[in-house]
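A.B. asks: with the sequence up front, the predicted model follows.
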Amino acid sequence: MPRGGRLLVAASVATILAAAVPASADAAGLRPAPARRTLIQRRPADGLRPSERAELMNGAVVSRPLELDRDDGHYVGGVSYQLVRAAPQEVLAALADVSRLPAVLPRTKSARLVTQGDGERRVELEQGNGIVSASYTVVLRHDGPSTLRFWLDPTRPHGIRDVWGYFRVEPFDDSRCLITVAAAVDVGPGLVRLLFESRVQRVVLDTPRHIRDYIEPRALATR
C-alpha cells in the first residue's frame, strides 16, 4: 500500500477505536505518553457501514488494521468486530476470569493474577508460539458495564515494548452480542519486529473470532 494509503488507514482507525487508557493511569506513571490516547477513539456499533454489517451478519470478522509510527515507537494492531451468539455478560465474564484467558485469547500460554485492588488487576501473560514467546503484565480495568480496558505495566518485566487497548461487548439483537477488540502493540526494535510484527497484528485482528469460537459452544449448551 502506498504511504499515503497507510496514513489514511491509520487516520480511519483513529476514528474507530476508543481511548484505551484512563487518565488515572497517566497520573500513576504507567503511561509515559498520555497523547497516545488520541490514537484510539470509539466507533459505535451503530456507526458500522452497511457493508460491514452485512459481513458481520454472515459470520465474518470485520477488521480495520492499524500501522503507525510515532516518536515513542512503531505500533501495529487495529480494531475488529465479531458477532457472538451469547449474552454480553457471558463474554465479559470469560474475559474477566484470569483462569480462562489462555483459552479465550489466541496464542496465550498462561495467565497469572499478580495483584488486584482499587478496581484494577494486574495479570501476567505469556503469549507466543513454538518459535518465540513473550511475557508481560497488563493492567485490567472495567470501564462501565460493557468495556474492559488494558495497558502494559512497564514497572514489571516485559518482553514487548508496549501494548494497550480494550474489549467492548454490546447487545446486537435478541440472540447475539457484538464484540469489539482494539489493540495497539509495539513489539520493540530489531529482529523480533522484522520477523514477527505482522504475525502479531494478525493475531490481534483475529482475536474476536477466537473469543467467539470459545464462547458460543458453551453459551449455546446452557440454553
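C.D. replies: Happy to help now that I have it.
A.B. asks: host element of the closest residue to residue 96 other than its chain neighbours?
C.D. replies: Take residue 96 and drop its neighbours on the chain: the residue closest to it by CB to CB, 6 or more residues apart in numbering is residue 148, 6.6 Å away. In short, each C-beta sits where N, CA and C put it, glycine included. According to DSSP states H and E, residue 148 maps onto strand 147-152.
A.B. asks: quick one: strands adjacent to that strand?
C.D. replies: Here strand 147-152 is paired, per DSSP bridges, with strand 133-142 (antiparallel), strand 162-171 (antiparallel).
A.B. asks: how about JSON lines for those strands, with mean neighbour count added?
C.D. replies: Putting the strands paired with strand 147-152 into JSON lines (neighbours: other CB atoms under 10 Å) gives the following:
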{"stretch": "strand 133-142", "mean neighbour count": "18"}
{"stretch": "strand 162-171", "mean neighbour count": "23"}
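A.B. asks: dump the ones you listed to CSV, plus distance to residue 208 and mean pLDDT.
C.D. replies: Below are the strands paired with strand 147-152 laid out as CSV (distance: least, CB to CB, whole Å; pLDDT from 0 to 100):
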stretch, distance to residue 208, mean pLDDT
strand 133-142, 18, 93
strand 162-171, 9, 95
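A.B. asks: ok, which of the ones you listed comes nearest residue 71?
C.D. replies: Of all the strands paired with strand 147-152, it is strand 162-171 that lies closest to residue 71, at 12.7 Å by CB to CB.
A.B. asks: so in that sheet, which strands flank the next helix or strand along the chain from the closest one, and in what orientation?
C.D. replies: Once the chain leaves strand 162-171, the next helix or strand it forms, by DSSP H and E, is strand 177-186. Here strand 177-186 has these sheet partners by DSSP bridges: strand 73-84 (antiparallel), strand 162-171 (antiparallel).
A.B. asks: quick one: which of these is nearest residue 209?
C.D. replies: Across the strands paired with strand 177-186, residue 209 has its closest neighbour in strand 73-84 (5.7 Å, CB to CB).
A.B. asks: gap between that closest one and the chain center?
C.D. replies: On the basis of CA atoms, centre = their mean, to the nearest Å, strand 73-84 sits 6 Å off its chain's mean C-alpha point.
A.B. asks: alright, calling it a day.
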